[in-house]
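> I would like to see how this sequence folds:
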Amino acid sequence: MNKLLSAFAVGIIFGIGIAISGMANPAKVLNFFDLAGTWDPSLIFVMGGALVTTAIGYRIVFKNSSRPLFEPFFSVPTSRTIDIQLVGGSGLFGIGWGIAGFCPGGAVPALGLGYGETPVFLAAMIAGIVAGRALKSRTALALGT
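Residues are numbered from 1 along each chain as shown. Next comes the predicted model:
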């Protein structure tokens with residue numbers, strides 16, 4: 001129960017931060033990508049603030065804790081392989097973000113802000129996840145892995 005409550009609290013804090021920063025507004029995000037038009041640099045400041053906060057947070061947590069509060073161990077990725085799945089997934093994420101103005105983390109808080117495109121984006125995102133998993137399973141079966 002504590003694990004669920006802490007995840008809920010972190011999600012609420014993240015959603016409030018996304019909403020306050022304006023990053024749930026797809027027009028604001030798309031303006032960041034419009035270098036020749038109505039460029040809005042605020043997204044880079046939000047990302048920079050997140051990067052600094054995360055770097056400091058990880059240093060504090062890993063220095064002072066041998067394990068998370070509600071898990072037996074830290075789940076940290078160990079693979080450093082750059083493969084077709086990583087590159088392809090990153091590319092699809094970037095293309096989708098550039099077209100829609102939403103990333104998954106910003107779309108969920110946008111549901112409560114009344115942007116009409118949000119349900120369409122979330123439905124397309126879920127369909128993409130389902131299709132990607134089905135393709136991955138089918139490919140693994142065909143390769144015998």
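
> can you tell me the helix or strand for the residue nearest the centre of the chain?
In the chain, the C-alpha nearest the mean C-alpha coordinate belongs to Gly105, at 4.5 Å (Cα atoms, centre = their mean). Using DSSP states H and E, Gly105 maps to helix 104-111.

> now do Pro68
Using DSSP H and E, Pro68 falls outside every helix and strand.

> I'd like to know how far it sits from Phe62.
Distance, Pro68 to Phe62, by Cβ to Cβ, to the nearest Å: 11 Å. The way it works is simple: take the backbone N, C-alpha and C, and place the C-beta from them, glycine included.

> which residues are in contact with both of these two?
Common contacts of Pro68 and Phe62, defined by Cβ atoms under 8 Å, 6 or more residues apart in numbering, comprise Phe74.

> which parts of stretch 44-51 are buried?
Neighbour-count burial for stretch 44-51, counted by 16 or more other Cβ atoms under 10 Å, picks out Val46.

> now it: mean pLDDT?
Stretch 44-51 shows a mean pLDDT of 92.

> Off-centre distance for it?
Distance of stretch 44-51 from the chain centroid (Cα atoms, centre = their mean, to the nearest Å) equals 14 Å.

> likewise stretch 11-22?
13 Å.

> can you check stretch 108-117 too?
With Cα atoms, centre = their mean, you get 16 Å for stretch 108-117.

> Quote the end-to-end distance of that stretch.
12 Å (Cα to Cα, to the nearest Å).
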